[in-house]
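> Pasting a predicted model and its sequence here:
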Protein chains: 2
Amino acid sequence: MTARPQRADAARNRRLLLAAAADEFAEHGLDASVADIATRAGVGKGTVFRHFATKDDLIAAILIDRMAELSALGERLLAAADAEAALREFLTAAARQRQERDLSFLAAASESIPEVTAARQRMLDAVDALVGRARDLGVLRPDVTGADVFLLMCAPNYIAGYVPDASPDLWRRYLALILDGLRPEAARPLPAEAPYLS
Amino acid sequence: MTARPQRADAARNRRLLLAAAADEFAEHGLDASVADIATRAGVGKGTVFRHFATKDDLIAAILIDRMAELSALGERLLAAADAEAALREFLTAAARQRQERDLSFLAAASESIPEVTAARQRMLDAVDALVGRARDLGVLRPDVTGADVFLLMCAPNYIAGYVPDASPDLWRRYLALILDGLRPEAARPLPAEAPYLS
DNA sequence: CACTAAGCGGACCGCGCGGTCAACTTGGTA
DNA sequence: TACCAAGTTGACCGCGCGGTCCGCTTAGTG
């Protein structure tokens, strides 16, 4: 019943593949080919499909890893003393992760894979908790929700990404601008209801 | 020397093709195939390439049309009495255009085509003027530039686009949030320099 | 050390893409 | 109306993709 554990070389190749794929996607977008990923990892193309049934499965595995990383950070930050700083730190970490390797376009390719949805939900829960705490303490305007912040999270890199030879820190500027809009001082009534996320 | 003018049916087909291509790209993203575009326009595939040498040229033509539309609006709004309302109206129009048909992904595909760069520059100039006026009147924080606003312009739809079954007005929420961050009241010092665009 | 199943590699397949071309049709002109 | 350059068409081409498959290699075991 209990299957034999994975062989050592197979485990190593799986790790190599995930890293190579992340790099290759970051460089060439969704069009990065499976063959190139295999070459970069130093394995044959067949090996890719032994570990990941389809290209979409490979994408999903990458996304799950990255989201889990952020979720863990968010959960840790819930214990921090300063709620505002905790939220800012979380958003900064998310933006930094994406600055290093922008893989946001992968998200669209693997909707509907349950493990991805679950990882996403865990991250949303973490954000929700961080936001709730900050809002209760009055450092966040009362009309923004966890879902709002979850969505805004990706914006700073997106904005900075339009600048061809941008400073690698440009996203900080737009993160700061967005955070200024989230504070109670500047709040004017918001049109449209806050969205409900899965 | 003066070439004979384009035939009437050719001009009609060109218009049909641009419309069909915009629809097809909006529905299927960059992967929309030239063959499908031709079918949708009711012409043969060869006709597409008679009007647009490559797929990228077709994309460029679409982008130029859309940007020209916004540029004209921006230039008109410079004469408006209320500078803050003018800027808000411009950003609203830009977001509405993109809400109807999101073609933002096309921008990356046709960098480096001079006509696209020129159309983009004209739009940037219009935004710059609108922003300058609003800033001088004190309704915008002094540390944001035209380039900042130009970049932020695309963010509300991007953010709302992550919500699967979003209200078609959700972008208004995030546009309002961003505008709140642009007002002087909430301003805290911004990290990173403002970017310089083209 | 011998055995075996897990793992590996890369030639191979079918497909759909962007782009070409030569035979055909048609709008505009004199 | 007769003419022809401009315009149209869809079969066709080569390519690179995701995915398959089977003969070979190798890690782990008794």
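Received the coordinates, thanks.

> So chain A: which segments form each domain?
Domain ranges of chain A: A:1-53, A:55-198, per automatic domain parsing.

> is DNA strand C contacted by the shortest one?
Yes - part of domain A:1-53 sits close enough to DNA strand C to count as contact by C-beta under 7 Å from any atom of the strand, namely A:4, A:6-7, A:9-10, A:12-13, A:42-47, A:49-51. (C-beta placed from N, C-alpha, C; glycine too.)

> does chain B sit close to that domain?
No - Domain A:1-53 does not reach chain B (C-beta under 8 Å from any C-beta of the partner chain); its nearest approach is 8.6 Å.

> related to what we said a few turns ago, whichever of the residues of domain A:1-53 next to DNA strand C end up buried, select them in ChimeraX.
A single ChimeraX command selects the buried members of the residues of domain A:1-53 next to DNA strand C (16 or more other C-beta atoms under 10 Å in any protein chain shown):
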select /A:13,43,47,51
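
> residues in contact with A:Ala194?
A:Asp143, A:Val144, A:Thr145, A:Ala147, A:Asp148, B:Arg173 (C-beta atoms under 8 Å, 6 or more residues apart in numbering or on different chains).

> Can you flag the buried ones in the residues you listed?
Neighbour-count burial (16+ other C-beta under 10 Å) applied to the contacts of A:Ala194 gives A:Val144, A:Thr145, A:Ala147, A:Asp148, B:Arg173.

> what's the nearest residue to the third one if we skip its chain neighbours?
Beyond its immediate neighbours in the sequence, the residue positioned closest to A:Ala147 (C-beta to C-beta, 6 or more residues apart in numbering or on different chains) is A:Leu197, lying 4.6 Å away.

> For chain B, what's the nearest residue on chain A?
Taking C-beta to the nearest C-beta as the measure, chain A has A:Gly181 as its residue closest to chain B, at 2.8 Å.

> if I look at that residue, how far off is B:Phe52?
Counting by C-beta to C-beta, to the nearest Å, the gap from A:Gly181 to B:Phe52 is 41 Å.

> Repeat that for A:Glu84.
Counting by C-beta to C-beta, the gap from A:Glu84 to B:Phe52 is 52 Å.

> ok, those two, which is more surrounded?
Neighbour count, other C-beta atoms under 10 Å in any protein chain shown: between A:Glu84 and B:Phe52, B:Phe52 has more, with 21 against 18.

> so what's the more buried one up against?
With contact taken as C-beta under 8 Å, 6+ apart, B:Phe52 is in contact with B:Leu17, B:Leu58, B:Ala61.

> Single out the most deeply packed of the domains of chain A.
Mean neighbour counts were compared across these using mean count of other C-beta atoms under 10 Å in any protein chain shown; the top stretch is domain A:55-198, at a mean of 18.

> I figured A:Ile64 was touching A:Glu115, is that so?
Yes - contact criterion C-beta atoms under 8 Å: A:Ile64 and A:Glu115 qualify, at 5.8 Å.

> How far does stretch A:71-89 stretch from one end to the other?
End-to-end distance of stretch A:71-89 (C-alpha to C-alpha, to the nearest Å): 13 Å.

> With stretch A:134-141 instead?
Start-to-end span of stretch A:134-141 (C-alpha to C-alpha) is 9 Å.

> next one: that stretch to chain centre, how far?
24 Å (C-alpha atoms, centre = their mean, to the nearest Å).

> what's the answer for stretch A:158-171, then?
With C-alpha atoms, centre = their mean as the basis, stretch A:158-171 stands 18 Å off its chain's centre.

> So it, near chain B or not?
Yes - against chain B, stretch A:158-171 shows contacts by C-beta under 8 Å from any C-beta at A:Tyr158, A:Ile159, A:Ala160, A:Tyr162, A:Val163, A:Pro164, A:Ala166, A:Ser167, A:Asp169, A:Leu170, A:Trp171.

> re the thing from before, could you dump the domains of chain A to CSV with mean pLDDT?
Shown next, in CSV, are those (pLDDT from 0 to 100):
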stretch, mean pLDDT
domain A:1-53, 94
domain A:55-198, 96
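
> could these go into TSV alongside distance to B:Ala80?
Below are the domains of chain A laid out as TSV (distance: least, C-beta to C-beta, whole Å):
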stretch	distance to B:Ala80
domain A:1-53	40
domain A:55-198	20
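
> I'd like the ones you listed laid out as a markdown table, including distance to DNA strand D.
Shown next, in a markdown table, are the domains of chain A (distance: least, C-beta to the nearest atom of the strand, whole Å):
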| stretch | distance to DNA strand D |
| --- | --- |
| domain A:1-53 | 3 |
| domain A:55-198 | 4 |
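
> To B:His28, which of those lies closest?
B:His28 lies closest to domain A:55-198 among the domains of chain A, at 12.2 Å (C-beta to C-beta).

> and the closest one, is it in reach of DNA strand C?
No - with C-beta under 7 Å from any atom of the strand as the criterion, DNA strand C is not reached by domain A:55-198; the gap is at least 12.4 Å.

> Which element, helix or strand, includes the residue nearest to the spatial centre of chain A?
When C-alpha atoms, centre = their mean is applied to chain A, the residue found nearest the centroid is A:Met67 (4.9 Å). For A:Met67, the host element (DSSP states H and E) is helix A:55-77.

> Can you confirm whether that helix lies near chain B?
No - residues of helix A:55-77 contacting chain B under C-beta under 8 Å from any C-beta: none, with a closest distance of 13.6 Å.
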